[in-house]
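Asker: Next comes the sequence, and after it the predicted model I'd like to discuss.
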Amino acid sequence: MSNSHAAPASLKDLLSANQPRYLEELLEFLRIASVSAASASASEVWRAADWVSRRLARAGIENVRTFPTAEHCCVYGDWLHAPGKPTVLIYAHFDVQPPDPLDLWTSPPFEPVVKDGCVFARGAADMKGNLLLALIAVETLLATRGRLPVNVKFLCEGQEEIGSRDLGPFVAAERERLSCDMILTPDAFQWSVDQPAMWMAVKGACALEVDIETAALDLHSGLFGGAVPNAVHAMVELLGTLRDSEGRILVKGFFDGVEPLTEALRREIGAVPFDAGAYMAEIGIDALVGEPGYTTHERAWARPTLEINGIGGGYQGDGTKTVIPARAHAKITCRLVANQDPGAVVDRLEEHLLRHSPPGARVTVLRPGLEARPYRIPSDHPGVAVVAKVLEEAYGRTPYYARVGGSLPITAMFLRELKAYTFMVGFGQSDERAHSPNEFLRLSDFEKGQGVYVRLLERIGDLTPGLLRA
């Protein structure tokens, strides 16, 4: 790192000296049971919003305000005294997943425990620790420099874990207030404790459900067997038309707009190490399967997928019940890549399912409403080099340029509404049990992330605002 960007000893010393206080703040934050999915916890979500509001103000952020939405709320604050410098929006969320099943926790989920250099609690990794570390970086810069190297806006929401249902309308309505040059979100993770990663793309998603009815009621298999349609047989036959035996998706129009993988992209993905044996052993599988002609990382990160998530019908209890099921149900989701429209993909799936309905099967397709657009960061965006360099300095290793097979709907929404790219720079790890019992966060990553965000804001301050926006 050049001398012009070196953090002064006072800044480093301040971060180090304050770690005990920051830990106490994190524990206090984690004690708030801000489960957005549970109506009984609505007051706790608002209590978390109040905690974030007060902590932003104490850090020196101005114009802090809580905005009610149809469900829960958003917290906004800013510091806008760096004329001519880029404006960075820091996005985070303060709601958490339900803690169930409670009997699998080794300590109560909202009574945080510090053990072996980690803090165990619901929301520790996803993402209260990551929210706080970004805020601490801004506070420390203000405390040591009296100003920030960029203009900063915070947007923290209380319903990310239930799909950010109100965030799109809120951002559209507050587009001017939230206007920015680029977005940082610590709602992310690193490749490992000693290997950083640049997350260059996330997939889109869509979902549908299929109901099949073949009779008015379940029928006696001895009296009617071999003479009438069976809803479960019909469902199995119908779902079998979606892919061939090698994993190719057979839905007409599914791949419309999908670009072939370039050699450059394949080299970039191939540079990320992959140990097939360790991968299979970790998740307990006996074989790798998928679309022919692609590696495992290419399939997971850069090719669209179609998966059956659940299927039901007929008798499920103990013993035998000799019936011909009259109804069957299945759930399907797809992960999408650049240029795929989730609504159009669902249309093609519905057309396929209705066209391939087996004889005697009355097929109904339901749309549960999950439609997230895919998102990717252009490799030549000025922010890519900045984030990569800061991560390399912090970890002593060049980051992997990776992609995420999952979806983060806010990224495409921010790009559409704010014309700004979102960079995912967070400090959880994939093994920290986010969404599962005994979630935890490594305190070494909590501290490291604070320094990284200080450097990020400093380096972004050297960029030209007009070159950052989409």
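Answerer: Alright, I've got the coordinates. Residues are numbered from 1 along each chain as shown.
Asker: per-domain residue ranges of the protein.
Answerer: 3-202+374-467, 204-258+304-372 (automatic domain parsing).
Asker: Among those, which comes closest to Tyr294?
Answerer: Each of the domains of the chain has some distance to Tyr294 by Cβ to Cβ; the shortest is domain 204-258+304-372, at 9.5 Å. Every residue, glycine included, has its C-beta placed from N, CA and C.
Asker: how far does that closest one stretch from start to finish?
Answerer: 5 Å (Cα to Cα, to the nearest Å).
Asker: Please apply the same query to stretch 353-367.
Answerer: 13 Å.
Asker: go on, stretch 361-377?
Answerer: Using Cα to Cα, one end of stretch 361-377 lies 44 Å from the other.
Asker: got it, and stretch 306-326?
Answerer: 26 Å.
Asker: again with stretch 348-366
Answerer: The first residue of stretch 348-366 is 13 Å away from its last residue (Cα to Cα).
Asker: so can I have CSV of the domains of the chain showing mean neighbour count, distance to Thr295 and mean pLDDT?
Answerer: Output for the domains of the chain, formatted as CSV (neighbours: other Cβ atoms under 10 Å; distance: least, Cβ to Cβ, whole Å; pLDDT from 0 to 100):
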stretch, mean neighbour count, distance to Thr295, mean pLDDT
domain 3-202+374-467, 19, 12, 95
domain 204-258+304-372, 16, 13, 96
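Asker: Need those domains in JSON lines (columns: distance to Pro292).
Answerer: Output for the domains of the chain, formatted as JSON lines (distance: least, Cβ to Cβ, whole Å):
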{"stretch": "domain 3-202+374-467", "distance to Pro292": "18"}
{"stretch": "domain 204-258+304-372", "distance to Pro292": "5"}
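Asker: between those domains, which gets nearest to Ile283?
Answerer: Closest among the domains of the chain, using Cβ to Cβ: domain 3-202+374-467, at 11.5 Å.
Asker: Grab the nearest non-local neighbour of the residue positioned nearest the centre of the chain.
Answerer: The centre of the chain sits closest to Leu408, judged by Cα atoms, centre = their mean, with a distance of 4.1 Å. Computed as Cβ to Cβ, 6 or more residues apart in numbering, the closest residue to Leu408 that is not its neighbour in sequence is Val202, at 4.7 Å.
Asker: circling back to that earlier point, contact partners for the residue nearest to the centre of the chain?
Answerer: Asp187, Val202, Ala372, Tyr375, Thr422, Met424 (Cβ atoms under 8 Å, 6 or more residues apart in numbering).
Asker: Apply 10 Å and report the result again.
Answerer: Applying Cβ atoms under 10 Å, 6 or more residues apart in numbering to Leu408 gives the contacts 160, 164, 185, 187-188, 199, 202-205, 372, 375, 414, 422, 424.
Asker: which other helices and strands contact the helix or strand containing Glu282?
Answerer: Secondary structure assignment for Glu282, by DSSP states H and E: helix 276-283. Counting contacts by 3 or more Cβ pairs under 10 Å, 6 or more residues apart in numbering; DSSP states H and E, helix 276-283 packs against helix 296-302.
Asker: can you give me how far the helix it packs on is from the chain middle?
Answerer: Relative to its chain's centre, helix 296-302 lies at 17 Å (Cα atoms, centre = their mean, to the nearest Å).
Asker: quick one: strands adjacent to the following helix or strand past that helix?
Answerer: Once helix 296-302 ends, the next helix or strand along the chain (criterion: DSSP H and E) is strand 305-313. Applying DSSP bridges to the sheet, strand 305-313 is found paired with strand 327-336 (antiparallel).
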